[in-house]
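Student: sequence first, then the predicted structure:
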Amino acid sequence: MPLTMAQIGEPSQIQRITGKEEVKKFLESLGFVVGGIVTVVSEINGNLIVNVKDSRIAVGKDMATKIMV
């Protein structure tokens, strides 16, 4: 399921990242790697604040739909 459907506060493991190669590289540079753990902190209009690798990152709805957990 996409990250946008993950429960707030529950850690999820990243299964795969979809999209173009440059999108994958960008997300990887932020810490979104297959097998990594990501936790949704809050959601506002589909945009997410997530914890990944001990950092809080804001992710837009369009990017969040490319991250499968």
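Tutor: It's in.
Student: helices and strands around the strand or helix carrying residue 49, which ones?
Tutor: Using DSSP states H and E, residue 49 maps to strand 47-52. When contacts are defined as 3 or more Cβ pairs under 8 Å, 6 or more residues apart in numbering; DSSP states H and E, strand 47-52 packs onto strand 37-44, strand 55-59, helix 61-64. Using the backbone N, CA and C atoms, a C-beta is placed for each residue, glycine as well.
Student: buried residues in whichever helix in the chain runs longest?
Tutor: Residue-count comparison of every helix in the chain, with assignments taken from DSSP state H, identifies helix 21-30 as the longest. For helix 21-30, the neighbour count (16 or more other Cβ atoms under 10 Å) marks 24, 27 as buried.
Student: how far off centre is that helix?
Tutor: On the basis of Cα atoms, centre = their mean, to the nearest Å, helix 21-30 is displaced by 11 Å from the centre of the chain it belongs to.
Student: contacts for that helix next, please.
Tutor: Residues outside helix 21-30 that contact it (Cβ atoms under 8 Å, 6 or more residues apart in numbering): 17, 52, 57, 63, 66-67.
Student: kindly report the same for stretch 49-56.
Tutor: By Cβ under 8 Å, 6+ apart, the surrounding residues in contact with stretch 49-56 are 3, 30-32, 36-43, 57-59.
Student: mind redoing it with 7 Å?
Tutor: The set of residues that contact stretch 49-56 without belonging to it, under Cβ atoms under 7 Å, 6 or more residues apart in numbering, is 31-32, 36, 38-42, 57-59.
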